[in-house]
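K.L.:
let's see this in three dimensions:
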Amino acid sequence: MAVVTQSKRFHLAVLGLLGACVLVLAGAQILRPANTVSKAPKSIIALPKEKDPKKASLEQALKGDQKRAGGKLTVSALNKTFSKIGYELDPVLDGKSAVPRLFLSSLPYDLGRMKEADERKSLFFRTLLPLVLRVNEEIKENRAKVWRLRHRLSVGLDIRAEDRIWLDAAFDKYKVKSARFDRLLEKMDVVPPSLALAQAAEESGWGTSRFTREGNALFGQWTHNPKDKGIVPQNREEGKTHRIKAFDSLSGSLKAYVLNLNTHKAYRGFRALRKQMHEKGEVLRGYELVTTLDKYSERGEEYVTSLQAIIKNNDLMRFDKATLDDDDIKHLNNPLI
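P.N.:
The predicted structure follows:
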């Protein structure tokens, strides 16, 4: 009986000592928590962002100017907006400033009334550059997704149903047979800003053509599809049925232009030279890529020479290294991109 009692006392003493140790350790953890990451899943809740009063005032000011101009975007309103956010071309060209995420749906309706050619060019480039960079940014994101999915499939892993649907749609969009990933990546690629801006300037008369004013048609793309929005050229020959394809926004026009260069058989040389530049680790150079676009216009080599002159005279090559800033999109016109 005495042995049993003594054993109980021993066990109680051990349990008491263990309990004290646990309390000491728990207290230490509370006072000085270990610098480790919990293995428990985290729930991340995004707090609502407060609206930037500066951006809100810009939006209100621009809408006010548009209202006074019958709902149209004016040169005066856009110049004021660019000035307020400090958006100038020289810092961008010098690599000292990123391009603001300012995506306009149309050019100012009175752009053609500007007397100073340099000012008109500056406004034209500043309006289109963010859009060109955004289209290229989306393409880069899609290319990265294709690489990820390709890798999973190559090592025998399955991909989600929605990813398979997205991949099938990408092959269809770029007119590539399924599973030909190299071919898809060759076509799903960016267009250097210098080239896109030069062609937009040439084809749209620096944003003043009837097709641009009425249908955001920057690149003069033809359509024979009766379902497409289009504008009939004034001097269209009798018996011809083509129209100039119209778009709801400048972004739509840019996306169609890039897809055209990336898929049409007439521009295989463009895609081949672009691929060579990538393989050499070079920055895509619009000035050289232009030489492959002699079939874009009936003017042929004369057209190529004209584009190269625009790129050289306006120093557009420096835009090829421009990037969008990390700030939120500045909503200045609806619909945007």
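
K.L.:
pLDDT of stretch 149-160, averaged?
P.N.:
The pLDDT scores in stretch 149-160 average 96.

K.L.:
quick one: the strands in the stretch 1-150 of the chain?
P.N.:
Counting by DSSP state E, counting those that start in this stretch, one finds no strands in the stretch 1-150 of the chain.

K.L.:
the longest helix in this structure is where?
P.N.:
With secondary structure taken from DSSP state H, the chain has its longest helix at helix 117-154.

K.L.:
just the element for residue 269, please.
P.N.:
In this structure, residue 269 is located in helix 268-279 according to DSSP states H and E.

K.L.:
what's around residue 273, how many residues?
P.N.:
By the criterion of other CB atoms under 10 Å, residue 273 has 16 neighbours. The way it works is simple: take the backbone N, C-alpha and C, and place the C-beta from them, glycine included.

K.L.:
measure it to residue 282 for me?
P.N.:
According to CB to CB, to the nearest Å, residue 273 and residue 282 sit 11 Å apart.

K.L.:
likewise residue 112?
P.N.:
38 Å.

K.L.:
of the two, give the one with the bigger neighbour count.
P.N.:
Counted by other CB under 10 Å, residue 112 and residue 282 do not tie: residue 112 has more neighbours, with 16 against 10.

K.L.:
right, and the more buried one touches residue 210 too?
P.N.:
No. If you go by CB atoms under 8 Å, residue 112 and residue 210 don't touch, sitting 10.2 Å apart.

K.L.:
give me the element the residue lying closest to residue 173 once chain neighbours are set aside is part of.
P.N.:
Excluding the flanking residues, the one nearest residue 173 by CB to CB, 6 or more residues apart in numbering is residue 259, at 7.4 Å. Using DSSP H and E, residue 259 falls within helix 250-263.

K.L.:
list the contacts of that helix.
P.N.:
If you take CB atoms under 8 Å, 6 or more residues apart in numbering as the criterion, helix 250-263 is touched by 103-107, 127-128, 131-132, 134-136, 139, 173-175, 187-191, 196, 199-200, 216-219, 221, 245, 247, 267, 270-271, 336-337.

K.L.:
give me the buried entries from those.
P.N.:
103-107, 127-128, 131-132, 134-136, 139, 174, 187-191, 196, 199-200, 216-219, 221, 245, 247, 267, 270-271, 336-337 (16 or more other CB atoms under 10 Å).

K.L.:
sorry, back to before: now do the longest helix of the chain and helix 250-263, the angle between them.
P.N.:
Angle, helix 117-154 to helix 250-263, by axes from the mean of the first three to the mean of the last three CA atoms, to 10 degrees: 60 degrees.

K.L.:
which strands or helices does helix 117-154 pack on?
P.N.:
Here helix 117-154 touches helix 75-84, helix 89-93, helix 161-173, helix 181-187, helix 193-204, helix 250-263, going by 3 or more CB pairs under 8 Å, 6 or more residues apart in numbering; DSSP states H and E.
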